[in-house]
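Chemist: I would like to see how this sequence folds:
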Amino acid sequence: MKKLTTLLAATALASVMGTAAWSKTLVYCSEGSPEGFDPGMYTAGTTFDASSRTVYNRLVEFKHGSTEIEPGLAESWTVSDDGTEYTFKLRPGVKFQTTEYFTPTREFNADDVIFSFERQYKEDNKWNKYVAGASWEYFAGMGFPELIKSIEKVDDLTVKFTLTRPEAPFIANLGMDFASILSKEYADKLEADGKMELMNQQPLGTGPYTFVAYQADAAIRYKANPDYWGGAQKIDDLVFAITTDAAVRAQKLKAGECHIMPYPNAADVAGLKEDPNLTVVEQEGLNVSYLAYNTLVAPFDKVEVRKALNMAVNKQAIVDAVFQGAATVAKNPIPPTMWSYNDAIEDDKYDPEAAKKMLDEAGVSGLKMKVWAMPVARPYMLNARRAAELIQADLAKVGVEVEIVSYEWAEYLKLSSDKDRDGAVILGWTGDNGDPDNFLDTLLGCDAVGGNNRAQWCNKEFDDLMTKAKTTADVAERTKYYEEAQVIFKKEAPWNTLDHSLVSIPMSKKVSGFVMDPLGIHRFDGVDIAE
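Modeler: I've put the predicted structure just below:
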């Protein structure tokens, strides 16, 4: 069966590459299928790699391999003295991509910026619900609907954002994927044709690569954008060969069927390093993996139950089994490489006997629960099924019966956000902008309940600290607030923090210009391959 599946996937890849056979082609063995191609509606890195980082740009961008912001579609910006008005001077002469399905008649301007943001928070905007179930999870979870007072077109190349309060990470947030800029002209054409849903299937932006075709669960093809404002790409054709099995990705890489792969099995890394045709680059990930309890559902609404379950799990065993030691046990919801990390916090100790006693005292002996395991490898959790099995075995020792469940990736992300979801979910996060707010508020703030906040945990004291941290530009003050917030988090235990991982990316030695990114994204602008 595996041979047949591999044959079908190879046939699909050959088909989708089509006329690219005689051009310079780079094949990326991606780990999963995108949920869609409109990055505003999603939060998964798999989707961002396939959409926002290939097809689109943002007003500001992160420098390759850095969390430092640089100009993007905005050449410059100014901020008012009170920190509530941001005026952006837009880059002139930027062209939207020409595709088989749309030919633009004008260049990028302020109308595109306003359209790209207003659709995410104005409920009367026709594009707010153009896809069934559209939730604009990132935009909403970060409190942007309450933050943005207005977006005004000063002239064709000037846009002013007025905020309801100062927001220290605002510029960094605009470099994130949900802030990608779409074409209003293309949107107007789709609306006129009654085909609005195609915005999520046939993307069109200003980025380095133009979307060509997607064969579901098999391959995505792009071609270099000849009009890219950032300069011509050295790769003619970029192909995402969707390969969910990490071992198969490694086999394809060794066989030369793809040139770059993410998230190898920890046990395969040594062998990949020994291959003379490959290079393996590594760095500490700006990430965390966690087990999120639904704090709205009994008995996980009791902190003593959550604490007891945390004490019952041997996290070091998970790190050893899943990562072969290429990770560290996590005690905080932000990684130790991030500023404001509170190292003074003590982790919940692994103590099965004390855990069983606490569960008995809480009146939940004989507890049955579900643990959700991701179906795909992510940098922060290479094998969620294996981690779930270890958690299952540990909890059985304290009298808790665990059922492991999973779903297709897009469904997993959607269902795990439900406020009435049962059990505990294995998930994680790689920082999107290098700011602690992107972990603490984005994943644990009250605004993110029903979205990125998989614990459905809303704590007023914690949330007040988030607001204070965001509304001051003083880093020392912000650090103090975030350190206090981590104390509250540990006391309340909405998660069991599992690990922070080392991230490895194996690639062919023919590849040059690929930069490993601390934000966990995979970018192919500036990448080349020897013929």
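Chemist: biggest helix in this protein by residues?
Modeler: Identified as the longest helix of the chain according to DSSP state H is helix 475-492.
Chemist: off-centre distance for that helix?
Modeler: Here helix 475-492 is found 23 Å from its chain centre; the criterion is CA atoms, centre = their mean, to the nearest Å.
Chemist: distance of residue 482 relative to residue 141?
Modeler: 18 Å (CB to CB, to the nearest Å). For every residue, glycine as well, the C-beta is placed using N, CA and C.
Chemist: next secondary structure after the longest strand seen in the chain?
Modeler: With residue count as the measure and DSSP state E as the assignment, the chain has strand 495-508 as its longest strand. Using DSSP states H and E, the next helix or strand after strand 495-508 towards the C-terminus is strand 511-512.
Chemist: which neighbours in the sheet does that following strand have, and how are they oriented?
Modeler: Within its sheet, and counting by DSSP bridges, strand 511-512 is paired with strand 528-529 (antiparallel).
Chemist: check contacts around residue 265.
Modeler: If you count contacts by CB atoms under 8 Å, 6 or more residues apart in numbering, residue 265 has them with 246-247, 250, 377, 382-383.
Chemist: can you check residue 52 too?
Modeler: When contacts are taken as CB under 8 Å, 6+ apart, residue 52 is in contact with 39, 58, 177, 180.
Chemist: of all those, which two lie farthest apart?
Modeler: Comparing all pairs in the contacts of residue 52 by CB to CB, the longest separation belongs to 39 and 58, at 9.6 Å.
Chemist: more neighbours: which of the two?
Modeler: Here residue 39 and residue 58 are compared on neighbour count by other CB atoms under 10 Å; more neighbours surround residue 39, at 29 against 25.
Chemist: okay, that one: pLDDT?
Modeler: At residue 39, the predicted lDDT confidence score is 96.
Chemist: do the same with residue 257
Modeler: Per the predicted model, pLDDT is 97 at residue 257.
Chemist: if I pick the closest residue to it other than its chain neighbours, what's in contact with it?
Modeler: Nearest non-adjacent residue to residue 257, counting by CB to CB, 6 or more residues apart in numbering: residue 27, 6.9 Å away. Contacts of residue 27 were listed using CB under 8 Å, 6+ apart, and they are 13, 239, 241, 257-260.
Chemist: of the residues you listed, which belong to strands?
Modeler: Using DSSP E, 239, 241 are the members of the contacts of residue 27 that sit in strands.
Chemist: burial count for residue 133?
Modeler: Residue crowding around residue 133 was assessed by other CB under 10 Å; the count is 7.
Chemist: pretty sure it contacts residue 414?
Modeler: Yes - taking CB atoms under 8 Å as the definition, residue 133 is a contact partner of residue 414 at 7.4 Å.
Chemist: by neighbour count, which of the contacts of residue 265 wins?
Modeler: The member of the contacts of residue 265 that has the most neighbours, counting by other CB under 10 Å, is residue 382 with 26 neighbours.
Chemist: next up, the contacts around the residue in the chain sticking out farthest from the centre.
Modeler: When distances are taken from the C-alpha mean of the chain, residue 361 lies farthest, 38.9 Å away, according to CA atoms, centre = their mean. For residue 361, the set of contacting residues under the criterion of CB under 8 Å, 6+ apart consists of residue 304.
Chemist: helix, strand or coil for the residue lying closest to residue 166 once chain neighbours are set aside?
Modeler: Excluding the flanking residues, the one nearest residue 166 by CB to CB, 6+ apart is residue 83, at 3.4 Å. Under the three-state scheme (DSSP: H, G, I helix; E, B strand; the rest coil), residue 83 adopts coil.
Chemist: related to what we said a few turns ago, shared neighbours, residue 39 and residue 58?
Modeler: Counting by CB under 8 Å, 6+ apart, the residues touching both residue 39 and residue 58 are 52, 177, 180.
Chemist: measure the residue nearest to residue 166 to residue 493 for me?
Modeler: When distance is defined by CB to CB, residue 83 is 34 Å away from residue 493.
Chemist: these two: which is more packed in?
Modeler: Comparing residue 83 with residue 493 by neighbour count (other CB under 10 Å), the higher total belongs to residue 493, at 23 against 16.
Chemist: need the contact list for that one.
Modeler: For residue 493, the residues meeting the contact criterion (CB under 8 Å, 6+ apart) are 293, 303, 306-307, 310, 348.
Chemist: change it to 6 Å
Modeler: Residue 493 sits next to 303, 306-307, 310 when contact means CB atoms under 6 Å, 6 or more residues apart in numbering.
Chemist: from those residues, list the buried ones, please.
Modeler: By the neighbour-count criterion of 16 or more other CB atoms under 10 Å, these include these buried positions: 306-307, 310.
Chemist: number of nearby residues for residue 82?
Modeler: Neighbours of residue 82 under the rule other CB under 10 Å: 9.
Chemist: quick check: closest non-adjacent residue to it.
Modeler: Sequence neighbours aside, residue 166 is the residue nearest to residue 82 in space, at 6.9 Å (criterion: CB to CB, 6+ apart).
Chemist: checking the one you found next. Helix, strand or coil?
Modeler: coil.
Chemist: which outside residues touch the longest strand of the chain?
Modeler: Outside strand 495-508, the residues within contact range by CB under 6 Å, 6+ apart are 253, 259-261, 264, 269, 272, 278-282, 285, 288-292, 310, 313, 315, 319, 323, 326-328, 330-331, 335, 379-380, 455, 516.
Chemist: return a PyMOL selection command for the buried portion of the residues you listed.
Modeler: Per 16+ other CB under 10 Å, the buried members of the contacts of strand 495-508 correspond to this PyMOL selection:
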select buried, resi 253+259+260+261+264+269+272+278+279+285+288+289+290+291+292+310+313+315+319+323+326+327+328+330+331+335+379+380+455+516
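Chemist: looking at the contacts of strand 495-508, which are in strands?
Modeler: Secondary structure from DSSP E places 278-282, 288-292, 327-328 of the contacts of strand 495-508 in strands.
Chemist: pLDDT added to the residues you listed, as JSON lines?
Modeler: As requested, the ones in strands among the contacts of strand 495-508 are exported to JSON lines (pLDDT from 0 to 100):
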{"residue": "278", "pLDDT": "98"}
{"residue": "279", "pLDDT": "98"}
{"residue": "280", "pLDDT": "97"}
{"residue": "281", "pLDDT": "95"}
{"residue": "282", "pLDDT": "94"}
{"residue": "288", "pLDDT": "97"}
{"residue": "289", "pLDDT": "98"}
{"residue": "290", "pLDDT": "98"}
{"residue": "291", "pLDDT": "98"}
{"residue": "292", "pLDDT": "98"}
{"residue": "327", "pLDDT": "95"}
{"residue": "328", "pLDDT": "96"}
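Chemist: from the residues you listed, which is closest to residue 529?
Modeler: The nearest member of the ones in strands among the contacts of strand 495-508 to residue 529, counting by CB to CB, is residue 279 at 12.7 Å.
Chemist: what bridges to the closest one?
Modeler: Taking DSSP bridges, one finds residue 507 as the beta-bridge partners of residue 279.
Chemist: return the distance of it relative to residue 262.
Modeler: 14 Å.
Chemist: ditto for residue 183
Modeler: 29 Å.
Chemist: what separates residue 464 from residue 481, distance-wise?
Modeler: Taken as CB to CB, the spacing of residue 464 relative to residue 481 amounts to 9 Å.
Chemist: neighbour count: those two, which is higher?
Modeler: Counted by other CB under 10 Å, residue 464 and residue 481 do not tie: residue 481 has more neighbours, with 20 against 13.
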